[in-house]
Structure formats: structure tokens, C-alpha cells
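Asker: Fold the following.
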Amino acid sequence: MYLGFKHMHLTLSYFVLFLLIAVIVVSFLRRSGHVSYAGGFKKVVLAGLISAHLQLVFGLYLWFSGPWWPIQMKDSFFRFRGFEHPVTMLIAIVLITIGYSKAKRAQTDAKAYKALFGFWLAGLLLILLRLPYEAYFSFAH
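Answerer: Next up is the predicted model:
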């Protein structure tokens, strides 16, 4: 079961990164507020939020059921996998959720796009800082 969740976590991460980048690019292009924040784009944003939260659930399962306990701070591999990666991802998903909430409650379309752009970009940067890149470029999982 652990291996299945590990594969789901890795596979879903590609989808999350794609949606994050898509929302950030569209929000940047529409930040002037001349295009309404409604319809199809709102569904893409919601899909990004849901997939990020699913990614968090899979990651938390892996964290609590994996070999990371107790966290071994002396070993850089275990420190990264057991502490740095999970905590940074949690902060990134909190930022993504705040951006979604601010955009949902924004008074104008321009404010909605600016909130999405700023918070989701900060979340993406944190994610890119602490991705286990060796898992992305290793095809022998």
C-alpha cells in the first residue's frame, strides 16, 4: 500500500505542477482585470486547489507510514525527506489555499487575479525549492 501511495504522490505531483503553472500564467496575463474571473478558469483554479490538497493527503500518509520516524536530523537524506520537504510543502499548500480564498472573496476581478498570482507563485516557488528532483528524473521507482 505504501508503494501505491508513493506512485500516486509522484504522479499527482506532475498534474499539480502543471495546474499551478497554468493558473499563475493566466492570472499574470489577466491581472489588469479586463477579463472576468468566472466560468472555466474558476474550475481550473478549483481543480488546482483540490489536486494540491489531495497531494497533501497522500504526502501525509507517506510521512506518517514511512521510515522517517523518528526524524533523523543528522542524515541529510532523512532530514530532507522527513522534515524539510513535508514542512515546506505544507506551507506552500497553505499559501495556495489563502490565494484561492482571497480570489474567491475579491471585490474586483483584478484583485482576484492578483491574489491568485501572488500566493500561487509563492507556493510554486516553495514547492520548487524542496522537490525531491531525484524522484522526478529516476524512472526506476
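Asker: So which elements touch the longest helix along the chain?
Answerer: Secondary structure of the chain per DSSP state H: the longest helix is helix 2-29. With contacts taken as 3 or more Cβ pairs under 8 Å, 6 or more residues apart in numbering; DSSP states H and E, helix 2-29 sits against helix 40-65, helix 109-129. Just so you know, the C-beta spots here come from the backbone N, C-alpha and C atoms, and that holds for glycine as well.
Asker: again, only this time at 10 Å
Answerer: Under the contact criterion of 3 or more Cβ pairs under 10 Å, 6 or more residues apart in numbering; DSSP states H and E, helix 2-29 touches helix 40-65, helix 85-104, helix 109-129, helix 133-136.
Asker: could you list every residue that touches the residue nearest the centre of the chain?
Answerer: Centroid check for the chain by Cα atoms, centre = their mean gives A52 as the closest residue, at 4.7 Å. Each residue near A52 by Cβ atoms under 10 Å, 6 or more residues apart in numbering is listed here: 12-13, 15-17, 19-20, 89, 92-93, 96-97, 100, 120, 123, 127.
Asker: ok so, going back, which stretch in the helices and strands packed on helix 2-29 has the least confidence?
Answerer: When these are compared by mean pLDDT, helix 133-136 comes last with a mean of 73.
Asker: so how far is that one off the chain centroid?
Answerer: 16 Å (Cα atoms, centre = their mean, to the nearest Å).
Asker: so F78 touches P86, yeah?
Answerer: No. Counting by Cβ atoms under 10 Å, F78 does not reach P86; the two are 11.9 Å apart.
Asker: if you count what's nearby, which of these two comes out ahead?
Answerer: Each of F78 and P86 has its neighbours counted (other Cβ atoms under 10 Å); P86 has more, 20 against 15.
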